[in-house]
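>>> Predicted model and sequence below, questions to follow.
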Amino acid sequence: MVLKIAESFYSLINQKNIKDDYFDRFNYEIYGGTPVLGVDGNVLIGHGISNENAIKNMILLGKDLINSNLNSKIKKAFR
């Protein structure tokens with residue numbers, strides 16, 4: 001919920017042509033998506049309005065997610 005509010009602020013200040021380095025971090029295109037935790041596997045979810053840049057970044061995030069073995073680390077931590 002907090003992320004969605006931050007994205008809304010980013011959208012709002014973008015519409016007003018205000019540049020803010022802090023809120024630039026909440027541009028969904030930079031990350032492309034986010035991991036869904038609690039699922040037995042590597043799952044990413046992205047915006048339905050994702051453009052080619054966001055999709056490219058989500059694929060790169062997926063690669064990093066797999067290479068980091070995050071799913072295995074979470075399983076190990078909760079055994």
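Okay, I see it.

>>> what about Val43, how many residues close to it?
Neighbouring residues of Val43 were enumerated by other CB atoms under 10 Å; the total is 15. Where you see a C-beta, it was placed from the backbone N, CA and C, and this is true even at glycine.

>>> how close does it sit to Asn17?
Distance, Val43 to Asn17, by CB to CB, to the nearest Å: 36 Å.

>>> burial measure for Gly33, as a count.
Gly33, neighbours per other CB under 10 Å, totals 20.

>>> And it, what's its pLDDT?
Gly33 carries a pLDDT value of 86.

>>> That one touches Leu44, doesn't it?
Yes: using CB atoms under 8 Å, Gly33 is in contact with Leu44, at 4.2 Å.

>>> List the contacts of Asp20.
By CB atoms under 8 Å, 6 or more residues apart in numbering, the contact set of Asp20 is Ile13.

>>> Would you mind measuring from it to Asn69?
Counting by CB to CB, the separation of Asp20 from Asn69 is 35 Å.

>>> and if you look at Asp21?
The gap separating Asp21 from Asn69 is 32 Å, by CB to CB.

>>> go on, Glu52?
For Glu52 relative to Asn69 (CB to CB), the value is 28 Å.

>>> With neighbour numbers in mind, choose between the two.
Asn69 (12 against 8).
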